[in-house]
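**Student:** Sequence and computational prediction follow.
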Amino acid sequence: MALFSELGLSEDVIRSVENMGFEEATPIQEQTIPKAIKGKDIIGQAQTGTGKTAAFGIPLVEKMQEGLGQVLGIVLSPTRELAVQVAEELNKIGQYKGIQTLPIYGGQEIDRQIRALKKRPQIIVATPGRLMDHMRRRTIRLNEIQMVILDEADEMLNMGFVEDIQTILQEVPEDRQTLLFSATMPKSIQNLAQRFMKEPEFISVKAKEVTVANIEQHYLEVQEKQKFDVLCRLLDMQSPELAIVFGRTKRRVDELSEGLNKRGYSAEGIHGDLTQSKRDSVLRQFKEGTIEVLVATDVAARGLDISGVTHVYNFDIPQDPESYVHRIGRTGRAGKAGLAITFVTPREIGQLRLIEQLTKHKMIRKPVPTMVEAIEGQQRITMEKLLRVIAEEDLGPYQGLAKDLLEENDSVTLLAAALKMLTKEPDAIEIHLTDVAPLRSKAAQKRSFNPRGYGRNERGRNDRGYSKERGQSNDRGRRENKRGGWKPTSFPKG
DNA sequence: AAAAAAC
C-alpha cells in the first residue's frame, strides 16, 4: 500500500490528511488520486467504507485555487445527511490549503445558504433539487466549474434524479473534469458516463471487499410478532455502545423508537418525513452519544460515517440486497469490529439467501434469546457497573451508611437488594407495531401487477386484517389507497 | 411496495 506522502500531493494536503489520522492510502485512493490529479475522468466502482470520499476529495482539493471568488468544484450527493458529512470531510482536507466547502441541501433556510455562498467557498456539496433551486435563483454560478463529482450515482438515479443531473451537467463548462462513483454499474450509469464524460478510466475495488471483513454477520429466524421483544432482549444482552436499528417504513420507525423509549432505552428515529432540523439534531445527538439507539429507514443506510457504531440490527430485512451491504457498512468502520444482526421471518428466507449470494458470505444463524438470557445479560451489566464504581468513584461518604446497614442485615442480602435495584428487568409493557407488508419476489410482483388498482390488492389487505383490528383511524387507510391508486403516468414505457 | 429529494 502506498503512503499519502508518495502520491505526489502538496505539503498542505499531506499535512491535513496526516492530521486526520490517515497514513496509508486505501486501494481505491491509491488508484484514483494520481489519475485524477493528472486530470483524467474516472468511473469508480466502490462501496462506502472503502475511503471513497478522500479518494475524490484529495484530488478535488488539490485542483482548487484560492481567491478566485467563484465556485470551482461541485459534489452531488443523494441524501442531505451525506452532503453534510462529505462537506465536513472536504473541509478537513482543505484546512491548510485554505479551501472552503459548503453543503447545500433542501430543508435548510435558503437565505442562510445564500449568505454562506457570499463567503465564496470553492467547493459545494449539494443535493440535486436544492442546487437547481439556487441555479434558477441565480444565487450560484456554475460557469467556472473545473471539477464535478457524482457520489453514489446509482442511488441518485434510483431516486429519480436522472433529469436533474443531466440539467446540472449541461450547465457546467464542457472542459471540466468529471468523476463518478457508484456501487453498481447498471446501463443507466453507463449511458450517463458516455454522454457526459471524456474517455473515462474505470477503477474498481475487488468484489471480495463488497462486505467489510471485520463485520460479523448473524441472522435470527423470528416471527413478525416476536421481533420487538427479541430486539429488546438482544439490546439487553449485548449492551451496544451505539446501535442502529433499521426498519422498513417511516411509520414503523416511529413506532419502534416510541416502543423502545417506553421500554426504557434512549432511542430516536430518523426518516425523511421529519423536519430537517429534527434530522440534523437526532444525528448530532447520536454522534455525541446522547442517544444509544438510532432507529432509521434507509435514509441512514448509505454513506453515513458515525464512529463507534458497534451494532446494526436489521429489524426488517432490507428490500434489496444492495441496501443490506450499505446498512451493515454503518458498523465495523475504521478497522473496528462490528456486529450486524438481521431478523428474518420464515417467508423471507429466500431474500436472505439472495443477500448471501450478493455478498458471497454466509450469515451465521443464531438462536432466539430467551427471557432468562436477557435477564442474565442485564444482571451482568449491573455487576460490571458496580465494579466500575468501586474502581473509579470516591465511596467515602457512603461508608458510614454501609456500616450502619450491616449491623442489622447480612452482607449478601444487602448486596442482592442493591443489585436488584440497579438491574433493569425487562418489563411487560406491551408494544404494538403495525405489520409491514411481507416482501414479495420480483416474479410475484409481476404476477400481481394490476394497473386498474381494484380487486385483490385492497381485499388482500383486509383479509390479512392489517388496518382494521388495531383500531387505527380509517382515515389513514383511505389516504394510502388514494395515493396508491391508478396513476396513468406510472405505466412502464415500451 | 418503500424510501429518498425543492419550494
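**Tutor:** That came through fine.
**Student:** Going by C-alpha atoms from here, please, whenever you check contacts or count neighbours.
**Tutor:** Noted.
**Student:** Show me the shaky parts of the stretch 351-494 of chain A.
**Tutor:** A:425-428, A:437-494 (pLDDT under 70).
**Student:** let's see 90
**Tutor:** For the stretch 351-494 of chain A, applying pLDDT under 90 flags the ranges A:354-361, A:370-399, A:401-402, A:405, A:408, A:411, A:414-494.
**Student:** go on, the stretch 51-200 of chain A?
**Tutor:** Segments of the stretch 51-200 of chain A classed as low confidence (criterion: pLDDT under 90) are A:51-52, A:65-69, A:154-155, A:158-160, A:183-188.
**Student:** Up against DNA strand B, what does it have?
**Tutor:** When proximity is defined by C-alpha under 7 Å from any atom of the strand, the stretch 51-200 of chain A lies next to DNA strand B at A:78-81, A:105-110, A:126-133, A:158-161.
**Student:** one more time with 10 Å
**Tutor:** Proximity of the stretch 51-200 of chain A to DNA strand B, by C-alpha under 10 Å from any atom of the strand, involves residues A:76-83, A:104-110, A:126-137, A:155-161, A:164.
**Student:** Go ahead and build a ChimeraX selection from the buried members of the residues you listed.
**Tutor:** Those of those that count as buried under 16 or more other C-alpha atoms under 10 Å are selected in ChimeraX with:
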select /A:76,77,78,79,80,81,82,83,104,105,106,126,127,128,129,130,131,132,134,155,156,157,161,164
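**Student:** out of the residues of the stretch 51-200 of chain A next to DNA strand B, which are inside helices?
**Tutor:** By the criterion of DSSP state H, membership of these in helices covers A:80-83, A:110, A:128-137, A:155-158, A:164.
**Student:** ranges for the helices of the stretch 301-450 of chain A?
**Tutor:** A:321-328, A:349-359, A:371-392, A:396-408, A:411-422, A:442-447 (DSSP state H, counting those that start in this stretch).
**Student:** could those helices go into TSV alongside distance to DNA strand B?
**Tutor:** Conversion of the helices of the stretch 301-450 of chain A to TSV gives the following (distance: least, C-alpha to the nearest atom of the strand, whole Å):
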stretch	distance to DNA strand B
helix A:321-328	9
helix A:349-359	12
helix A:371-392	30
helix A:396-408	49
helix A:411-422	37
helix A:442-447	8
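**Student:** looking at the ones you listed, which is buried most?
**Tutor:** Among these, helix A:321-328 has the highest mean neighbour count (mean count of other C-alpha atoms under 10 Å), at a mean of 21.
**Student:** Let me know the angle separating that helix from helix A:349-359.
**Tutor:** If you take axes from the mean of the first three to the mean of the last three C-alpha atoms, to 10 degrees, helix A:321-328 sits at 80 degrees to helix A:349-359.
**Student:** contact partners of helix A:321-328?
**Tutor:** Outside helix A:321-328, the residues that touch it by C-alpha atoms under 8 Å, 6 or more residues apart in numbering are A:47-48, A:210-211, A:215, A:246, A:298, A:300-303, A:312, A:317-318, A:340, A:351, A:354-355, A:358-359.
**Student:** Quick one: distance of that helix to the chain centre.
**Tutor:** Its chain's C-alpha centre lies 9 Å from the corresponding centre of helix A:321-328 when counted by C-alpha atoms, centre = their mean, to the nearest Å.
**Student:** Quick one: mean pLDDT over it.
**Tutor:** Per-residue pLDDT values across helix A:321-328 average out to 86.
**Student:** Under a three-state scheme, what state does residue A:74 occupy?
**Tutor:** For residue A:74, the assignment made with DSSP: H, G, I helix; E, B strand; the rest coil gives strand.
**Student:** what about it, neighbour count?
**Tutor:** The local packing count at residue A:74 equals 25, with neighbours defined by other C-alpha atoms under 10 Å.
**Student:** OK, contacts around it?
**Tutor:** Applying C-alpha under 8 Å, 6+ apart to residue A:74 gives the contacts A:123-126, A:145, A:147-149.
**Student:** If we use 7 Å, what do you get?
**Tutor:** With contacts taken as C-alpha atoms under 7 Å, 6 or more residues apart in numbering, residue A:74 has the following neighbours: A:123-125, A:147-149.
**Student:** and of those residues, the nearest to residue A:196?
**Tutor:** Taking C-alpha to C-alpha as the measure, residue A:196 lies nearest residue A:148 of the contacts of residue A:74, at 10.6 Å.
**Student:** Near that closest one, how many other residues are there?
**Tutor:** 23.
**Student:** Show me what the helix or strand containing it is packed against.
**Tutor:** For residue A:148, the element it lies in under DSSP states H and E is strand A:147-150. On a contact count with 3 or more C-alpha pairs under 7 Å, 6 or more residues apart in numbering; DSSP states H and E, strand A:147-150 meets strand A:73-76, strand A:177-182.
**Student:** Lovely, talk soon.
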